[in-house]
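Chemist: What shape does this take:
(chains A and B)
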Amino acid sequence: MAITVEEVYETVSMTLYHHFDIRTVTLGVNLKDCADRRLAGVRGRIGPRLVKWGRALNHHADRIQQEFGIPITNRRISTTPIALLLEPLPRRAATIVALARTLDTAAAQADIDFIGGFGGYLQGGITEAESHLIDALPAALAATERLCGFFNLASTAAGVNMTAVERFGHVLRDLAGRTRRGIGCAKLALFANVPEDNPFMAGAHHGIGQPDLALNIGISGPGVVRAVVARHPDCDLTELSEVIKRTVFKITRAGELIGREMAHRMGVEFGIVDISLAATPAAGDSVAEIIEAMGVSRMGRPGSTAALAMLIDAVKKGGAMASGNVGGLSGTFIPVSEDAGMIRAVRSGALNLEKLEALTSVCSVGLDMFAVPGDTPADVLSAIIADELAIGVMNHKTTSVRVIPVPGAKPGDLVQFGGLLGSAPVMRVPRQAAAAWVARGGRIPAPLQALRN
Amino acid sequence: MARKKKPPAPKVFIVTVTGKDRVGIIARIANVMAEAQINIIDVSQRIMEDYFVMMMGCDVAGATADLEQIQQRLDRVARDLKLNITFQNETIFKMMHRV
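Modeler: Here you go, the predicted model:
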């Protein structure tokens, strides 16, 4: 059956009026074979490989975006967890920072805006090399621009590594102090149950179970979903869920097509489509505004958690029907700084840290891009991280934390990060939390998999 | 006997025009297509949400200009006539609207 004018117009208006885009194409690049006892050996191998593939990614993304008329906003690279490459290298901070610079320079040379993978899996314990990496992390992320770090600190199978959680409270304080407005912390995501194929930064990496090269794609269309919800002000929730499902099906199909076509033309494997709804600071491209269009007076007020749960379920159902390769995070992102509706919700007092945490338990990926005063004690940051990761561990889902302690900022301040990172209202957090509990260290054991009530 | 050259398989692109209706829109676009040896296979139009919407299916398989050049020429028409014009591979619509 021929395509109708109505159908063509629906697609075209998604990009013209509702910010529909392919948020990111992320090429996962295996670097395991680059391990070496000498730093020069590693650098000599990874630099040229990343530049070559980064340029190819940009080249094909430009062509495909033109041919299909769907903007491909970000082009990124994720690598094998760099902690693996550090194992055989000399245990010096200078080595770690030099390797960070190599990745950053390669990304710049290929005109790739972010490169992820500077981290490792610590849920079961920390090796000596990883311990050095944690110590050198603030220096490495402060010395680079495009490099992103991730660490998996917890999993349902292993529990929560509280010794690592305790250390990262200090890492965040240190990193924030070294970068303007603490922005370095926007490049570090801490996870429970991290997926190995997530295309979204800051947590993207090319996991150890991945092939040499894999093209992963993150679609996005909060603006499209908001518009369709706003066009159905009176229908009941069952029908609203159907409407959302159908819309997400369509945008996921676009992602699937573009991902497959990119992978085919580049001669690499097609990895996954991440169907997460990812907001941008642009007007209307907001997850909070979808919830408000559904009928919740302000994101964060009672009703938000249930509405968000329904939204993400409909997104998953529509997305899973549209692509056999749905993977990555595939949640709904509610980053405070990158979503105009979230910012409004915090500033109006409707949304606080406690409610944000509750929202993440039903659907979203975690506490993302929220700013706190720069003098928040490290143990309070660790306790916030522990709470969020525990939600992921107990609920068999990915959760992550990306918190920015902004030096000199007070609750209520609005901090501008610029670009895609937006601006964040500084949230009030308690100055006392669980110092003695965090200081115990050790591991919260893996939860029981039975007796689930 | 000289082997007859097979015509290339059709490669369909869709031009979409949205904006205010006026005289000469189809003529200008048809002109861009004819200059590049592109065959127009379908045209339909409708008023939707107060917008004039026109779609034109074209077979670009035998085009003498590349996609970027055609896009640039259409952009010029869009500027002249104050319209939105997009030019996209048909597959994107098929993927999104057909199960």
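
Chemist: Do you know the pLDDT at the residue lying closest to residue A:217 once chain neighbours are set aside?
Modeler: What sits nearest to residue A:217 in space, not counting adjacent residues and going by CB to CB, 6 or more residues apart in numbering or on different chains, is residue A:259, at 3.8 Å. From N, CA and C alone the C-beta is placed, and that goes for glycine too. Taken from the predicted model, the pLDDT recorded for residue A:259 is 95.

Chemist: How about the contacts made by residue A:259?
Modeler: Residues counted as contacts of residue A:259 (CB atoms under 8 Å, 6 or more residues apart in numbering or on different chains) are A:25, A:215, A:216, A:217, A:270, A:271, A:273, A:325.

Chemist: Let me see the backbone angles for the fourth one.
Modeler: Summarising the backbone geometry of residue A:217 under the convention degrees, to the nearest 10, its torsions are phi -130, psi 140.

Chemist: List the contacts of it.
Modeler: By CB under 8 Å, 6+ apart, the neighbours of residue A:217 are A:22, A:24-26, A:199, A:255, A:258-259, A:262, A:271-274.

Chemist: Can you name the element that comes right after the helix or strand where residue B:46 lies?
Modeler: Under the criterion DSSP states H and E, the helix or strand holding residue B:46 is strand B:39-48. Along the chain past strand B:39-48, the next helix or strand (assigned with DSSP H and E) turns out to be strand B:51-59.

Chemist: Alpha carbons of the following helix or strand past that next one, as CSV, please.
Modeler: Counting by DSSP H and E, the element after strand B:51-59 in chain order, helix or strand, is helix B:67-81. Presented in CSV, the C-alpha positions along helix B:67-81 are these (Å, rounded to 0.1, in the frame of the first residue of the first chain):
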residue,chain,number,x,y,z
LEU,B,67,21.3,13.8,-3.5
GLU,B,68,23.1,16.7,-1.9
GLN,B,69,22.8,18.8,-5.1
ILE,B,70,19.1,18.1,-5.4
GLN,B,71,18.6,18.9,-1.7
GLN,B,72,20.4,22.3,-2.3
ARG,B,73,18.2,23.1,-5.2
LEU,B,74,15.1,22.3,-3.2
ASP,B,75,16.4,24.4,-0.3
ARG,B,76,16.6,27.3,-2.7
VAL,B,77,12.9,26.8,-3.8
ALA,B,78,12.0,26.6,-0.1
ARG,B,79,13.7,29.9,0.6
ASP,B,80,12.1,31.6,-2.4
LEU,B,81,8.6,30.4,-1.7
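
Chemist: Enumerate the positions of helix B:67-81 that are buried.
Modeler: Residues B:67, B:70, B:71, B:73, B:74, B:77, B:78, B:81 are the ones in helix B:67-81 that count as buried (16 or more other CB atoms under 10 Å in any protein chain shown).

Chemist: could you redo those as a markdown table and give each row distance to residue B:43 and pLDDT?
Modeler: Written out in a markdown table, the entries for the buried residues of helix B:67-81 read as follows (distance: CB to CB, whole Å; pLDDT from 0 to 100):
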| residue | distance to residue B:43 | pLDDT |
| --- | --- | --- |
| B:67 | 20 | 91 |
| B:70 | 17 | 95 |
| B:71 | 19 | 94 |
| B:73 | 18 | 96 |
| B:74 | 15 | 96 |
| B:77 | 15 | 95 |
| B:78 | 17 | 95 |
| B:81 | 16 | 93 |
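
Chemist: tell me the phi and psi of residue A:424?
Modeler: Dihedral pair for residue A:424: phi -120, psi 130, per degrees, to the nearest 10.

Chemist: now do the one 3 residues further on
Modeler: Here is the backbone geometry of residue A:427 (degrees, to the nearest 10): phi -90, psi 150.

Chemist: try residue A:352
Modeler: Residue A:352 adopts backbone torsions of phi -120, psi 180, taken as degrees, to the nearest 10.

Chemist: Could you tell me how far it is located from chain B?
Modeler: Residue A:352 sits 39 Å away from chain B, taking CB to the nearest CB, to the nearest Å as the criterion.

Chemist: Excluding sequence neighbours, find me the nearest residue to the residue in chain B positioned nearest to chain A.
Modeler: Going by CB to the nearest CB, chain A is nearest to residue B:88 of chain B, at 3.5 Å. Spatially, and ignoring its direct neighbours in sequence, residue B:88 is nearest to residue A:69 (3.5 Å; CB to CB, 6+ apart).

Chemist: And for residue A:32?
Modeler: Using CB to CB, 6+ apart and skipping residues adjacent in sequence, the residue nearest residue A:32 is residue A:80, 5.3 Å away.

Chemist: show me the contacts for the one you found.
Modeler: Contacts were defined as CB under 8 Å, 6+ apart; by that measure residue A:80 touches A:29, A:30, A:31, A:32, A:117, A:205, A:206, A:208.

Chemist: For burial, what's the neighbour tally of residue A:445?
Modeler: Summarising burial for residue A:445: neighbours were counted as other CB atoms under 10 Å in any protein chain shown, giving 9.

Chemist: For residue A:207, what are phi and psi?
Modeler: Backbone dihedrals for residue A:207, given as degrees, to the nearest 10, come out at phi -60, psi 170.

Chemist: Quick check: it touching residue A:196?
Modeler: Yes - distance between residue A:207 and residue A:196: 2.3 Å, which falls inside the contact criterion (CB atoms under 8 Å).

Chemist: Report how many residues lie close to residue A:246.
Modeler: Applying other CB under 10 Å, we find 13 other residues in the vicinity of residue A:246.

Chemist: I'd like the distance between it and residue A:91.
Modeler: Counting by CB to CB, to the nearest Å, the gap between residue A:246 and residue A:91 amounts to 55 Å.

Chemist: and residue 38, what pLDDT?
Modeler: Since you didn't name a chain, this refers to chain A. pLDDT at residue A:38 comes out at 97.

Chemist: oops, I was thinking of chain B
Modeler: Residue B:38 carries a pLDDT value of 95.

Chemist: ditto for residue B:9
Modeler: Note for residue B:9: predicted pLDDT of 84.

Chemist: In the stretch 101-250 of chain A, what residue comes closest to chain B?
Modeler: For the stretch 101-250 of chain A, CB to the nearest CB, closest residue to chain B: residue A:250, 4.4 Å.

Chemist: Need the phi and psi values for the closest residue to that residue other than its chain neighbours.
Modeler: Leaving aside its sequence neighbours, residue A:250 sits nearest to residue B:96 (CB to CB, 6+ apart; 4.4 Å). Summarising the backbone geometry of residue B:96 under the convention degrees, to the nearest 10, its torsions are phi -80, psi -30.

Chemist: and if you look at residue A:433?
Modeler: The phi/psi pair for residue A:433 (degrees, to the nearest 10) is phi -140, psi -100.

Chemist: go on, residue A:445?
Modeler: When read as degrees, to the nearest 10, the backbone of residue A:445 gives phi -60, psi 160.

Chemist: In JSON lines, list the contacts of residue A:259 along with distance to residue A:299.
Modeler: Conversion of those to JSON lines gives the following (distance: CB to CB, whole Å):
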{"residue": "A:25", "distance to residue A:299": "29"}
{"residue": "A:215", "distance to residue A:299": "34"}
{"residue": "A:216", "distance to residue A:299": "29"}
{"residue": "A:217", "distance to residue A:299": "27"}
{"residue": "A:270", "distance to residue A:299": "35"}
{"residue": "A:271", "distance to residue A:299": "32"}
{"residue": "A:273", "distance to residue A:299": "26"}
{"residue": "A:325", "distance to residue A:299": "31"}
